[in-house]
Structure formats: structure tokens, C-alpha cells
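In: give me coordinates for this.
(one chain, ligands or ions: 3)
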Amino acid sequence: MAPKSPDIEIIEEGDNQLGLEAIIQETSASLDEQKQSPPLSIVWKNVFVFAALHIAAVYAISLIPSAHPLTWLWTICMYHVSGLGITAGSHRLWSHRSYKAKLPLRILLAFMQTSAVQNDIIEWARDHRVHHKYTETHADPHNANRGFFFAHIGWLLVKKHPDVCIKGKQLDLSDLYADPVCRLQRRYYKILAILICFVIPTIVPNYLWGERLWTAFFLAGILRYCAILNATWLVNSAAHIWGMHPYDKRINPGENPVVSFGACGEGFHNYHHVFPHDYSTSEYGWKLNVTTLFIDTMAAIGQAYDLKKVSLDAVRRRRERTGDMAKED
Ligand code: ST9
Ligand code: ZN
Ligand code: ZN
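Out: Ligands and ions are numbered 1, 2, ... in the order given. I've put the predicted structure just below:
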């Protein structure tokens, strides 16, 4: 269990930007609409790039036995650097503001987030805020009502539904644009992404322990990038389809420990959609949740503060009111 810290602010039930009842109403209202699938406009460049990436990642697996053990370790380290950049950075800090971070930590997180090449922080957070506010409607970029494939990768292979942009433009993103770290990362995103996601992970093993550039590129670059993408996408696909609903049985996002394991603690998705402002995205502290361990460590050294945590009493009341085990009226 995570220790109680004076920096943790216990909050009552987290409020969604829209409010959960309203989301449920919007979701069911849009279900009828969704019987009619929107026309797909395929972006062939993305189809080609993602197909090539996955083929290259399969090839990279064949290089594992001949790689230096330190290259294996480096690849695993880089996986966690990228993973935490997404989870502690663009997700829990910038999308949800579930805690605050001092400038050095924000710079570190922006660096780590860039290594995951999942769009810049502002674009990532904009898509994610619209996902929470309009979950499983056409305004949700990776609407899981359109099936596993669409929620996983398909949404990145086609033009967005117009509702995503219409509703997304109504969001307040002023906090993101006010952060110089986000603005700077956005301005130099392409060059930073190539450098941090591919060049640095390739050069370090070559320079420090003489790994072949080819092997280092495919393992710490390609394979790690492909794995991080799929771990992240599983939150949108698997965790929106499979899992228990102890906090709210009326919504699809579920508690999925397998996804949590690969996604640095982000598979507790029923909890997260009910309490999106909880910095831990779960009531179970560090269990299967390396991101919470990371944020708590940052809080211990004074880099993270104002951690928002839903009170155990509010969680219990919510379980009793709307969870799987709630008594029927
Ligand atoms: C990637 C992202 O993989 C993954 C995010 C996953 C999120 C997961 C969340 C789960 C919870 C957290 C768990 C974390 C777990 C991590 C585990 C780690 C171990 N609002 O987008 P465009 C407007 S990315 C408002 O081009 P198209 C706007 O005007 C992979 N407006 O739309 C925009 O212009 P600008 C790498 C919006 O043309 C304009 O539309 N990246 C919004 O339909 C055009 O936007 C890629 O491969 C909005 N939400 O194209 C790139 N959206 O931006 C892939 C758009 O200038 N993307 N607008 O303001 C693309 O190529 C395109 O976006 C597209 C759609 C083809 C998909
Ligand atoms: Zn979700
Ligand atoms: Zn979220």
C-alpha cells in the first residue's frame, strides 16, 4: 500500500467534467445514432507506417537472443521511461491534473512522454479529455462501441469523426497552453520525437557496451516503441471491453489487471472513469501500479504535490450505490 503523505489531498467523489449521469445519458442517446456507422476515410499513410512498424517489431524479436543482456535491460528501462511519460505525464498530470508537478519534473516528464511518440502533450490531453467527457460516443476518438480493432488501432488509421473535433474545440485547454513545457514540446515535437524515441535509445547501447547499432535500433527503438503503443492502446480496447465493474456497472470501462500490468497501472479503468481526478487511478496504491509508485517517489523528494485522492468512504459509498455488488432497488 502507498503510505499516507501530507501532500495527498483527500477528495470526495471525483466529478467528471460533464458529470457521470450526463455521460450515461449522452452515451445511451448516442447508441441509436451509432447503429448507423459513419463513413470511413482511410489514411493510407498511417496504415502503411503502422503495418511496417509491426513487421519490424516481429523482426526485432528475432534479434533478442544475439543481443547483449545490457541491451535487454536498456530496452526494458526505456519501456518504463516511455510508459511513465504517458501515464504520469500526459495522462495523470496534464490530462487530469490529478497532481501538480514542479518545473524540473515537468521537463523530465515531457522528455519521457516524447520518447513514447504518441503525439505531443497538448494533442494527447485534448483527445483524452474528449474521451472522458464523451466516452463511447462519436465524439470519443477511440469509441469502443465501434469494436476492439477501432478502439485499439483503427481510430489512428482513419479521419476522425466530425463530432470529435466539434466537441473537442469546446474544451478548455488553457491550462495546457499556459504551460511553457507543453508549448515548447509542441513547437519542436518532430525533431525531439526522432531524437528521444529512436536516436538516443540506439546510440546509448552502442557507445556504452558496444552493441551493434542495428540491434540497438530494433530492440530499444522499434520493439520498445511498438510494445508501448500496444500497451497503451489496450487501455482503450481491452479495458473498455473486459473487466469487472465494482464502482459502476452502468459503464463499459472495466478493471483489467492484465492491462494494468503492461500499462504501468492504467488498467483499473472502471475506477478511473468513475474517479478521473484520483492521481492513483485505483484504490489499491502501488499494487500493479508502478505509476503511483513513481508519483509517490516524486512527492517524497518534493517534485510532485497536491496529489488528489478520493476518500475510501466515498469509494465505498459509490461501490454500494452503483457497483457490480450494489443491491438492486
Ligand atoms: C497514439 C496515441 O498512439 C495513443 C493515445 C492513447 C490514449 C490512451 C488513453 C488511455 C488512458 C491512459 C492510459 C495510458 C497507458 C499508457 C501505458 C504505457 C505503458 N479536439 O488529428 P487530426 C481538429 S499516436 C479538437 O489530424 P484527422 C484540430 O483542429 C501514435 N479538435 O484529424 C486538428 O488540428 P490541430 C503516433 C480536434 O485529419 C484537426 O482536427 N501518432 C481534435 O481526422 C486535424 O486533426 C500518429 O501516428 C480534438 N480531439 O486525422 C499520428 N482532434 O491538431 C496519428 C482533431 O492542428 N494521427 N481536431 O489543432 C493521425 O494521423 C491523425 O490524427 C488521424 C486523424 C489520421 C488519426
Ligand atoms: Zn477510457
Ligand atoms: Zn484518463
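
In: once you drop chain neighbours, what's closest to V158?
Out: The shortest distance from V158 to any residue other than its chain neighbours is 4.9 Å, reached at L40 (Cβ to Cβ, 6 or more residues apart in numbering). All C-beta atoms are positioned from the backbone trio N, CA, C, and that covers glycine.

In: from ligand 1, how far out is that neighbour?
Out: L40 sits at a distance of 11 Å from ligand 1 (criterion: Cβ to the nearest ligand atom, to the nearest Å).

In: do you know how far L109 is from K308?
Out: Separation of L109 from K308 (Cβ to Cβ, to the nearest Å) stands at 17 Å.

In: nope, H161 is what I meant
Out: Separation of H161 from K308 (Cβ to Cβ): 31 Å.

In: again with M244
Out: M244 is 24 Å from K308, where distance means Cβ to Cβ.

In: coming back round to it: more neighbours: which of L109 and K308?
Out: Of the pair L109 and K308, L109 is the one with more neighbours under other Cβ atoms under 10 Å, namely 28 against 21.

In: returning to what we had before: part of a strand, is the residue nearest to V158?
Out: No. Counting by DSSP: H, G, I helix; E, B strand; the rest coil, L40 falls outside a strand, being coil.

In: who touches L84 in this structure?
Out: When contacts are counted by Cβ atoms under 8 Å, 6 or more residues apart in numbering, L84 touches 109, 112, 264, 290-291, 294.

In: any idea how far it is from L173?
Out: Distance from L84 to L173, by Cβ to Cβ: 23 Å.

In: what about stretch 48-56, near ligand 1?
Out: No. Figure legend: stretch 48-56 not in contact with ligand 1 (Cβ under 6 Å from any ligand atom); closest approach 6.7 Å.

In: may I have the secondary structure class of T135?
Out: When classified by three-state DSSP, T135 comes out as coil.

In: that one touches I251, doesn't it?
Out: Yes. Applying Cβ atoms under 8 Å, one finds T135 in contact with I251, separated by 7.1 Å.

In: neighbour-wise, which of these two wins?
Out: T135 (25 against 20).
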